[in-house]
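Colleague: my questions are about this predicted structure, shown below with the sequence.
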Amino acid sequence: MTFNNSQEHMCSWPYYLRDLGGFETVYNVAQSGAGTSHIFNSIVNEVENNPQVNPEHTQIIVMWSGLTRTDTITTKDITAPWHYISNYYFNERFATLSLWNRATGDTLLDELCRNYKLLVDVDATIYESRLKIIALKGYLENKGFNSVFTNIMDPAEELKRINKTINELDDIPYLLEFATEQKMLEPNDGHPTPDGYLRWTKEHLIPYLVK
């Protein structure tokens with residue numbers, strides 16, 4: 001919901017926020033299909049290694065994904081063909097590899113995904129995701145960054161499985177739920193339409209940032 005999946009336009013919410021909110025640059029570290037590990041790792045990587053990202057001039061906005069999604073870091077030669085839509089590169093050698101919840105092919109990576117999901121309890125993944133959200137908020141506060149945390153949708157049902165809550169999320173309507181209510185979803189993939197991204201940014205994200 002953050003990676004720009006349009007072939008023609010920059011139409012996901014970070015770019016609407018840039019244009020409407022007067023920001024100079026977007027450092028979009030999203031990757032299609034990524035989970036909490038990628039989100040945590042990519043933001044820390046930018047804070048630690050991108051000299052343009054600093055507390056004085058940077059607003060960090062995190063849109064967390066589904067809590068059951070799983071990622072790890074490996075070499076680019078493995079991730080590039082697997083993530084043919086998008087790939088975030090940490091450096092010249094490493095990138096994120098998603099372990100899909102529903103891998104149906106017959107490659108070694110498909111088998112790895114299926115075996116991982118068989119061996120690692122889904123509730124354990126949710127528990128780990130919650131810890132990463134808590135840890136990133138503390139890390140950013142320690143570094144002096146102003147950050148806003150939201151989610152693609154209400155995580156309450158997933159968190160109910162482990163009898164926990166996440167207090168680090170800001171009080172912003174969830175993008176996917178907003179787009180669904182407004183009937184602004186792409187029919188082929190379930191992502192918000194450009195107008196769905198735009199209206200959510202104008203009606204909810206920007207008002208929250210300026211209040």
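Modeller: On my side now, so go ahead. Residues are numbered from 1 along each chain as shown.

Colleague: any weak-confidence spans in the chain?
Modeller: Counting by pLDDT under 70, the chain contains no low-confidence segment.

Colleague: sec struct for residue 42, please.
Modeller: Secondary structure, DSSP: H, G, I helix; E, B strand; the rest coil: residue 42 is helix.

Colleague: ok, now how distant is it from residue 118?
Modeller: 27 Å (C-beta to C-beta, to the nearest Å). Quick note: C-beta positions are derived from backbone N, CA and C, even for glycine.

Colleague: try residue 94
Modeller: Residue 94 sits 26 Å away from residue 118, taking C-beta to C-beta as the criterion.

Colleague: same question, residue 58
Modeller: 41 Å.

Colleague: next one: residue 70
Modeller: Counting by C-beta to C-beta, the gap from residue 70 to residue 118 is 12 Å.

Colleague: of the two, who's got more company?
Modeller: Applying other C-beta atoms under 10 Å to residue 70 and residue 118 shows that residue 70 carries more neighbours, namely 22 against 8.

Colleague: from the contact counts, what lies against the strand or helix carrying residue 77?
Modeller: Assessed by DSSP states H and E, residue 77 sits inside helix 76-82. Contact analysis of helix 76-82 by 3 or more C-beta pairs under 8 Å, 6 or more residues apart in numbering; DSSP states H and E lists strand 94-99 as its packing neighbours.

Colleague: which strands or helices does the strand it packs on pack on?
Modeller: Where contact means 3+ C-beta pairs under 8 Å, 6+ apart, strand 94-99 is packed against helix 36-49, strand 70-75, helix 76-82, helix 108-119.

Colleague: what lines up beside the next helix or strand after the first one in the sheet?
Modeller: Put plainly, it is helix 36-49. Later in the chain than helix 36-49, the nearest helix or strand by DSSP H and E is strand 59-64. Using DSSP bridges, the strands paired with strand 59-64 are strand 146-151 (parallel).

Colleague: and stretch 154-167, C-alpha only, in PDB?
Modeller: Output of stretch 154-167 as PDB, limited to C-alpha atoms (Å, rounded to 0.1, in the frame of the first residue of the first chain):
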ATOM      1  CA  ASP A 154      -7.000  -2.600  11.600                       C
ATOM      2  CA  PRO A 155      -4.600  -5.200  13.200                       C
ATOM      3  CA  ALA A 156      -7.000  -6.000  16.100                       C
ATOM      4  CA  GLU A 157      -8.100  -9.300  14.700                       C
ATOM      5  CA  GLU A 158      -4.500 -10.500  14.300                       C
ATOM      6  CA  LEU A 159      -3.500  -9.200  17.700                       C
ATOM      7  CA  LYS A 160      -6.500 -10.900  19.300                       C
ATOM      8  CA  ARG A 161      -4.800 -14.200  18.500                       C
ATOM      9  CA  ILE A 162      -2.000 -13.400  20.900                       C
ATOM     10  CA  ASN A 163      -4.000 -11.300  23.400                       C
ATOM     11  CA  LYS A 164      -2.000  -8.100  22.800                       C
ATOM     12  CA  THR A 165      -2.500  -4.600  21.500                       C
ATOM     13  CA  ILE A 166      -0.200  -2.100  19.800                       C
ATOM     14  CA  ASN A 167      -0.200   1.300  21.500                       C
END
